[in-house]
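> Got a predicted structure here, sequence first:
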Amino acid sequence: MPETLIRAATADDLDAILSHLRTGFASYVEFTPPGWRPPEPRRERTAELLARPTTWAAIALEGDRSVGHVSFTPARGRPFEEEPDAWRSAPPIPGRAHLWQLFVVPDRWGGGVAGRLHEVVIEAMVERGYTDARLYTPVAHARARRFYERRGWTWRADGPGGEMGFDLSEYTLELSRR
């Protein structure tokens with residue numbers, strides 16, 4: 001197995017990131033309602049968010065192959081308590097990061113890539129002065145929930161996932177203890 005290199009993601013990594021999203025969303029059919037179809041990642045929206053100076057992203061490479069990525073943004077609003085998508089335009093919550101994405105290609109699951117990406121993203125949040133973080137993951141995604149819980153994330157609530165078509169679990173992590 002080639003060594004895994006993790007580096008800052010750039011605009012040139014957009015296609016790889018979109019590919020990770022497609023593959024990750026496709027794996028959700030294992031636990032989503034019958035007939036659920038994975039959404040096509042929104043290229044323009046993803047590119048716009050990645051281009052923001054407040055967004056942080058890294059990509060994992062093994063040789064020339066991209067095998068995963070992770071990113072965060074400042075947390076905004078509370079999706080379970082607001083109109084759909086209204087939280088996206090809310091002002092940032094002081095001190096709180098939002099773990100936006102952490103995806104690894106399936107043939108590298110269990111190989112340590114996700115753990116390394118998680119370590120790097122938490123370090124970046126702390127370096128940027130965040131005191132806590134939140135993330136959302138599908139309620140029925142037992143593997144992801146176990147992954148985050150093993151790393152100290154605390155479940156807070158379940159709520160509607162909007163356009164995804166399934167419920168999400170909110171998790172939080174205190175960064176000041178790290």
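In hand now; what should we look at? Everything numeric here is computed off the predicted structure, so don't read it as measured data.

> And for Glu44, the neighbour number?
Neighbour count of Glu44, defined by other C-beta atoms under 10 Å: 7. Backbone N, C-alpha and C define where each C-beta goes, glycine included.

> May I ask which helix or strand encompasses it?
Here Glu44 sits within helix 43-51, counting by DSSP states H and E.

> quick one: the first helix or strand past that helix going along the chain to chain centroid distance?
Downstream of helix 43-51, the next assigned helix or strand under DSSP H and E is strand 56-62. Chain-centre distance of strand 56-62: 12 Å, with C-alpha atoms, centre = their mean, to the nearest Å.

> contacts for strand 56-62?
1-9, 13, 16-17, 50, 66-73, 104, 108, 113, 116-117, 120-121, 124-125, 128 (C-beta atoms under 8 Å, 6 or more residues apart in numbering).

> what do you get for stretch 144-153?
If you take C-beta under 8 Å, 6+ apart as the criterion, stretch 144-153 is touched by 114-115, 118, 135, 137-138, 155, 169, 171-174.

> Wait, Gly129 touches Arg96, no?
No - applying C-beta atoms under 8 Å, one finds Gly129 not in contact with Arg96, separated by 11.0 Å.

> Looking at the two, which one has more neighbours?
Arg96 (17 against 10).

> neighbouring strands for the helix or strand where that one lies, and are they parallel or not?
Arg96 belongs to strand 92-104 when assigned by DSSP H and E. Strand 92-104 pairs in its sheet with strand 65-76 (antiparallel), strand 132-138 (parallel), by DSSP bridges.

> Of all these, which one comes closest to Trp36?
strand 132-138 (10.5 Å; C-beta to C-beta).

> Any buried residues in the helix or strand following that closest one, and which?
Proceeding N to C from strand 132-138, the next assigned helix or strand is helix 142-150, under DSSP H and E. Judged by neighbour count using 16 or more other C-beta atoms under 10 Å, the buried positions of helix 142-150 are 144-145, 147-148.
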